[in-house]
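Chemist: Predicted model follows, preceded by the sequence.
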Amino acid sequence: MKASRFFNSFKFAVQGIGSSWKKEQNMRIHFLAALVVLIAGALSGLSKGEWIIIILLVGGMIALEVMNSAIERVVDLASPEIHPLAKEAKDMAAGAVLVFAAASAIIGLLIFIPKWF
Ligand SMILES: Nc1ncnc2c1ncn2[C@@H]1O[C@H](COP(=O)(O)OP(=O)(O)OP(=O)(O)O)[C@@H](O)[C@H]1O
């Protein structure tokens, strides 16, 4: 792959994250939560293994939210009118985000609570 093509792909991917940040309130909430978790991690003296888990969770959460935003747009494009399949698709994508957020919250508590108490 040519270097310019690689850098263009990278630029478009960053633009995708930027659009999600600008247009999706949930995305901004996820970034704020990520910042809080990273600051808490820095203050709590996490081990290398714990940092790897936290970074995987934070990165996975943001990646999943970007994917959810992408699915919402494709659904809106394919079905601007109300359709039960459009609802199912959007709700399933939102459900995937919810499952990962719940699992991340539980794992985060398992890591942080013993550090604080
Ligand atoms: N074209 C559609 N047909 C049927 N149901 C829809 C459609 N678009 C959205 N919905 C449903 O309406 C509910 C509310 O959707 P809403 O438009 O508030 O949020 P969203 O489109 O899923 O996300 P966002 O607010 O971030 O754009 C959800 O259950 C969603 O699945």
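Modeler: All right, it came through fine. These numbers come from a predicted model, not from an experiment.

Chemist: center of the chain - which residue?
Modeler: Centre of the chain computed as the mean C-alpha position; nearest residue by CA atoms, centre = their mean is Ile62, 1.6 Å away.

Chemist: what sits against the nearest residue to that residue once chain neighbours are set aside?
Modeler: Distance criterion CB to CB, 6 or more residues apart in numbering; nearest residue to Ile62, sequence neighbours excluded, is His30 at 5.6 Å. Every residue, glycine included, has its C-beta placed from N, CA and C. His30 sits next to 61-62, 65 when contact means CB atoms under 8 Å, 6 or more residues apart in numbering.

Chemist: Nearest to the ligand among these?
Modeler: Using CB to the nearest ligand atom, Glu65 is the member of those that lies nearest the ligand, at 10.1 Å.

Chemist: okay if I get the contacts of His30 as CSV plus pLDDT and secondary structure?
Modeler: Formatted as CSV, the contacts of His30 follow (pLDDT from 0 to 100; DSSP: H, G, I helix; E, B strand; the rest coil):
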residue, pLDDT, secondary structure
Met61, 97, helix
Ile62, 97, helix
Glu65, 97, helix
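
Chemist: Please consider this matter closed, and thank you.
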